[in-house]
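> Pasting the sequence and the predicted model now:
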Amino acid sequence: MSGFILEMKHITKTFPGVKALDDVNLQVEQGSIHALIGENGAGKSTLMKVLSGVHPFGTYDGEIFYRDELCEFKSINESEEKGIVIIHQELALIPELSIAENIFLGNERAERGIINWNETILKTTELLKKVGLNINPQEKIKNIGVGQQQLVEIAKALSKDVELLILDEPTASLNEEDSANLLRLLKEFQGQGMTSILISHKLKELLSISDHITILRDGQTVSSMSMEKDEVTEAKIIKGMVGRDLANLYPERNAEIGDIYFEVKDWNAFHPLDTGRQILKDIHMNVRKGEVVGMAGLMGAGRTEFAMSVFGRSYGKKITGTVYKEGKEINVKTVDKAIDNGLAYVSENRKEYGLILMDSVRKNLTLANLNSITSKNLLDLHKEVKVAEDLRQKMNIKTPTIEQSTGNLSGGNQQKVVLGKWLNAEPEVLILDEPTRGIDVGAKFEIYKIINSLAESGKSIIVISSELPELLGICDRIYTINEGRITGEISAEEADQEKLMTYMTESGREEA
Amino acid sequence: MNTLKEAITNNVRRFGMIIALVGIALLFQILTGGALLTPLNITNIIMQNSYIIILAIGMMIVIITGEIDLSVGSVAAFVGAVAGVLLVTLDLPVYIGIILCLLLGAAIGAWQGFWVAYMNIPAFVVTLAGMLLFRGLTLVVLGGRTIAPFPGEFRTMSSAFLPDISAGELKLLTLLIGGAASLIYVIYELQQRRAANYYNFNTTPFALFVSKILIIILVINAFTFVLSQYQGLPVVSLILIALVLGYTFVMNKTVLGRHIYAVGGNANAAKLSGVRTKKMKFLAFVNMGFLAALAGLVFASRLNAATPQAGQLFELDAIAAAVIGGASFTGGVGTIFGAIIGALVMGVLNNGMSLMGIGTDWQQAIKGLVLLGAVAFDVLSKNK
Ligand SMILES: Nc1ncnc2c1ncn2[C@@H]1O[C@H](COP(=O)(O)OP(=O)(O)OP(=O)(O)O)[C@@H](O)[C@H]1O
Ligand SMILES: [Mg+2]
């Protein structure tokens, strides 16, 4: 025995036009938590897809040894049989089915094709208890939050007698509390002998939980470190990832803040289905010219709902309230009116609301402002290519060509395409909803720089984020929201994480 | 070496359906002992399939938005019946009758589009209802009888040819049109290339560029040359060419077209990008109604009668044509040109099998298999 539960040797994987993995080696010790880290598009997800048989044997070069046995997985089923389970970057639960149905999907508790519901529910209850979830197994997935969905995914993995659990950015869409909960759970499972591979862009959590770290860059292994033996620091990891030192996590800011430019008053909205439930209550907020304003709140506090309801009434029913730009009331009742009035909203959910995955990077980049590529009212494809190429360079989007389908890009690069699309719309007021979700440290820095330069050019920016350090690092002023109400307003100098946390959980307190 | 292989596989993917069409045509040319590709028969294929081509264009756009229309056959029949009443029973002037019928078609499309786009009723249900509704109304309008014959002018649309300007063996006007079309095409391509150079893009190598142009000129002129050996270009082929060029232009060159693709690709993302998704779906149905009316008129004109049975199974032919031509039911993909190729595949199959004397029973069965085979080929070649 080598002590390694998994050894991947000389793995090379190419897609048309991209060498995603180039002679990668990975060794994972039995019973450890192994972190995999690297820039967007470095090949982390691809490596895990090779391991789990999503990219079947024969489509890659190299060898995989699992428990010292050479494995040639042709499908996910084969790897799952060995106890290797992957939870993908994009959750793969079916919203209309119940938790129990989802957990046992493809693995039904059945005899001669007839499902034994009692056993299914019973087993589900047990599994949910293991992951610390206390909800009805028959609840539909669409009715529970993202954090809980992530735990359901883990319960699903547990149902398959997992020995090696792979989690691809499990905490990307979770708030701090849910993230901490999930990591605690991983530690607990480790105590019971489970091995896991964890992909994440959140360095702090990796440092706190993992035993080993492997860094990928441009499809190659740059280094593999052990927490015990090597002195691992954030700076060291970042250097390995981006290939250079990154002195600051947040760029210098020197935008000049002007008068109030954009203002929302008396904003109320009700739930779209359950119209008796008020989701947003009397929200007042404003942004000055050149200012970056943050919105902090827990999951479900109503931040996204607020942004979407303002942006062309894309969320909610019975919406009341007024929106002002430079003191004049403006009409934002439909999305195209909102865009015409200089608003842009970058969704937190890029797959569903941000991108047309089947379409090329080029078409996605120009969609929100087709006027930018028309001449004499007709689309000018040459102009479009030019605009798209410029954006690709400006946003540093990693793709072989702008004709690639966005569905084939790595998660972080998809996010950059969404941002690029809205930059191209040349908005005056930019609402960014979790703009750095799933983005590596280097690219985050780039995005902060873009936000700053937009502010410097006099735009007003609203940032919704669940990462408090990020809000503190890039905002001038922060609103906190809880249960659909503004509970506080603090300038960035006065704010710290604890203060924000208290306001975020308090109800109805108004700060002068 | 590798690039050559790549180029071939890429082109097979891109031109797969054209290759299939050429293959099927050659196959029947051999099986029928040369009867398929005669001037007379090619003229026939165009005239017999004109209404399916018209419907396929509309259906392609509806499918691109992610919807479906099952009612087109019934709508075509209904409009044909109304045309019978207007032109034969009421004796209205032909062009007024035609305009009224086209407006009626658009209104029917608006009715269905309203339910689909604004009331969120699934298109499958709305148009299934429409299929029954308009078939029923056809019977009501006709009182179960057939109205015939139409005035001669009305028949021009489907059965006449371009007048000739000389008395030779070949129809000179048709040849001239082929020449003119080639010239316009060359100018267009040169312009595109100039624009690409202006933006400093890599253009295709000059040799490739020239050979592409030569092939297309060859195809255009071979087509007009063959037709000019018979009666020349049918009037209906001009309608078809105008539709193909017009719709291709709209879908590729206008904001409207881009928005239609976006709706089918991801309606949520499109909506948040400022696309009026409901309006786009609505317009797709209005357009479908309009084209169904046009197809109904062409069909009635060709039959020289308005009959209660007109248009049966048209919806299936149109859907099959769109799907063979590269449409996907998830929406967001497909081209007008593809729809034409798809319709021609179906048309050549019908015609070839009829020439061979195969009964309609077997024709149906074979068409079913070809539909499945064509799409399977397409899907599999894309998965590679
Ligand atoms: N199916 C595919 N077809 C073509 N290219 C692909 C495909 N899947 C991944 N790629 C490319 O392979 C490279 C590695 O992608 P991968 O998803 O593994 O990155 P990642 O490290 O997981 O990044 P992220 O942190 O953004 O999720 C990228 O350049 C991506 O565009
Ligand atoms: Mg990834």
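All right, it came through fine. Ligands and ions are numbered 1, 2, ... in the order given.
> Residues of chain A that sit close to ligand 1?
A:15, A:18, A:20, A:38, A:40-46, A:89, A:398, A:408-413, A:440 (CB under 6 Å from any ligand atom). For glycine as for every other residue, the C-beta is placed from the backbone atoms N, C-alpha and C.
> Go through these and flag which are in helices.
Of those, the ones assigned to helices by DSSP state H are A:44, A:45, A:46, A:411, A:412, A:413.
> which one is the fourth one nearest to, not counting chain neighbours?
In space, not counting the residues next to it along the chain, residue A:411 is nearest to residue A:438; the distance is 4.6 Å by CB to CB, 6 or more residues apart in numbering or on different chains.
> still on that earlier bit, what about ligand 2: which of the ones in helices among the residues of chain A next to ligand 1 touch it?
Restricting those to those adjacent to ligand 2 (criterion: CB under 5 Å from the ion) gives A:45, A:411.
> between the ones in helices among the residues of chain A next to ligand 1, which is nearest residue B:376?
residue A:46 (28.7 Å; CB to CB).
> okay, how far is it across stretch A:337-348, tip to tip?
21 Å (CA to CA, to the nearest Å).
> for the stretch 101-250 of chain A, what are the low-confidence residue spans?
For the stretch 101-250 of chain A, applying pLDDT under 70 flags the ranges A:246-247.
> of all of the stretch 101-250 of chain B, which residue lies closest to ligand 1?
At 21.3 Å from ligand 1, residue B:202 is the closest residue in the stretch 101-250 of chain B, using CB to the nearest ligand atom.
> can you confirm that residue is in a helix?
No: the assignment for residue B:202, made by DSSP: H, G, I helix; E, B strand; the rest coil, is coil rather than a helix.
> how much space between it and ligand 2?
Separation of residue B:202 from ligand 2 (CB to the ion, to the nearest Å) stands at 31 Å.
> which ones are touching that residue?
Listed by CB atoms under 8 Å, 6 or more residues apart in numbering or on different chains, residue B:202 has no contact partners.
> Quick check: phi and psi at residue 67.
Because you didn't say which chain, this covers chain A. Main-chain torsions, residue A:67, degrees, to the nearest 10: phi 50, psi 50.
> was after chain B, sorry
phi -110, psi -170.
> Put the alpha carbons of stretch A:397-414 into PDB.
In PDB, the C-alpha atoms belonging to stretch A:397-414 read as follows (Å, rounded to 0.1, in the frame of the first residue of the first chain):
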ATOM      1  CA  ILE A 397     -11.800  36.100 -20.500                       C
ATOM      2  CA  LYS A 398     -10.100  32.800 -21.100                       C
ATOM      3  CA  THR A 399     -11.500  31.100 -24.200                       C
ATOM      4  CA  PRO A 400     -10.000  29.800 -27.400                       C
ATOM      5  CA  THR A 401     -12.200  32.000 -29.500                       C
ATOM      6  CA  ILE A 402     -15.100  34.300 -29.100                       C
ATOM      7  CA  GLU A 403     -17.100  31.800 -31.100                       C
ATOM      8  CA  GLN A 404     -16.900  29.200 -28.300                       C
ATOM      9  CA  SER A 405     -20.300  28.400 -26.600                       C
ATOM     10  CA  THR A 406     -20.400  30.000 -23.200                       C
ATOM     11  CA  GLY A 407     -21.500  26.600 -21.800                       C
ATOM     12  CA  ASN A 408     -18.000  25.300 -22.500                       C
ATOM     13  CA  LEU A 409     -16.200  28.000 -20.400                       C
ATOM     14  CA  SER A 410     -15.100  27.400 -16.900                       C
ATOM     15  CA  GLY A 411     -17.400  28.800 -14.200                       C
ATOM     16  CA  GLY A 412     -15.400  31.900 -13.500                       C
ATOM     17  CA  ASN A 413     -14.900  32.800 -17.100                       C
ATOM     18  CA  GLN A 414     -18.700  32.600 -17.600                       C
END
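> Which parts of the stretch 101-250 of chain B are strands?
With strands called from DSSP state E, counting those that start in this stretch, the stretch 101-250 of chain B shows none.
> Skipping its backbone neighbours, what lies nearest residue B:189 in space?
The nearest residue in space to residue B:189 (CB to CB, 6+ apart) is residue B:213, at 5.7 Å.
> measure that neighbour to residue B:193 for me?
10 Å (CB to CB, to the nearest Å).
> mind checking pLDDT for the residue nearest the centre of chain A?
Against the mean C-alpha coordinate of chain A, by CA atoms, centre = their mean, the closest residue is residue A:437 at 3.5 Å. On pLDDT, residue A:437 comes in at 84.
> repeat for residue B:78
In this model, residue B:78 is scored at 97, pLDDT.
> Can you report how many residues neighbour it?
Residue B:78 sits with 32 neighbouring residues when counted by other CB atoms under 10 Å in any protein chain shown.
> right, and it touches residue B:297 too?
No: with contacts counted by CB atoms under 8 Å, residue B:78 stays clear of residue B:297, the gap being 11.5 Å.
> rewinding a little: could you give me the PyMOL selection string for whichever of the residues of chain A next to ligand 1 are buried?
Those of the residues of chain A next to ligand 1 that count as buried under 16 or more other CB atoms under 10 Å in any protein chain shown are selected in PyMOL with:
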select buried, chain A and resi 18+20+38+40+41+42+43+44+45+46+89+398+408+409+410+411+412+413+440
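> Grab the nearest non-local neighbour of the most centrally placed residue in chain B.
The residue lying closest to the centre of chain B (CA atoms, centre = their mean) is residue B:53, at 2.6 Å. For residue B:53, ignoring the flanking residues on the chain, the nearest one in space by CB to CB, 6+ apart is residue B:343 at 4.4 Å.
> do residue A:243 as well
With CB to CB, 6+ apart as the criterion, residue A:243 has its nearest non-adjacent residue at 6.4 Å, and that residue is residue A:217.
> In contact with that neighbour, which residues are there?
Taking CB under 8 Å, 6+ apart, we find residue A:217 in contact with A:38, A:39, A:42, A:240, A:241, A:242, A:243.
> do the same with residue A:139
With CB under 8 Å, 6+ apart, residue A:139 has these contacts: A:98, A:99.
> so which helix or strand takes in the closest residue to residue B:142 other than its chain neighbours?
With CB to CB, 6+ apart as the criterion, residue B:142 has its nearest non-adjacent residue at 4.9 Å, and that residue is residue B:81. Secondary structure assignment for residue B:81, by DSSP states H and E: helix B:72-84.
> Does that helix pack against any helices or strands, and if so which?
Where contact means 3 or more CB pairs under 8 Å, 6 or more residues apart in numbering or on different chains; DSSP states H and E, helix B:72-84 is packed against helix B:39-64, helix B:94-113, helix B:123-142, helix B:277-303, helix B:314-324.
> Kindly reformat those helices as JSON lines containing distance to ligand 2 and mean pLDDT.
Output for the helices and strands packed on helix B:72-84, formatted as JSON lines (distance: least, CB to the ion, whole Å; pLDDT from 0 to 100):
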{"stretch": "helix B:39-64", "distance to ligand 2": "31", "mean pLDDT": "95"}
{"stretch": "helix B:94-113", "distance to ligand 2": "41", "mean pLDDT": "97"}
{"stretch": "helix B:123-142", "distance to ligand 2": "36", "mean pLDDT": "96"}
{"stretch": "helix B:277-303", "distance to ligand 2": "30", "mean pLDDT": "97"}
{"stretch": "helix B:314-324", "distance to ligand 2": "34", "mean pLDDT": "93"}
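> gap between the residue nearest to residue A:243 and residue A:183?
Noted for residue A:217: a distance of 25 Å to residue A:183, by CB to CB.
> Please tabulate the helices and strands packed on helix B:72-84 in a markdown table, including the columns distance to residue A:500.
Below are the helices and strands packed on helix B:72-84 laid out as a markdown table (distance: least, CB to CB, whole Å):
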| stretch | distance to residue A:500 |
| --- | --- |
| helix B:39-64 | 47 |
| helix B:94-113 | 49 |
| helix B:123-142 | 48 |
| helix B:277-303 | 37 |
| helix B:314-324 | 55 |
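> can you put these in CSV and add distance to ligand 1?
Putting the helices and strands packed on helix B:72-84 into CSV (distance: least, CB to the nearest ligand atom, whole Å) gives the following:
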stretch, distance to ligand 1
helix B:39-64, 24
helix B:94-113, 36
helix B:123-142, 31
helix B:277-303, 28
helix B:314-324, 25
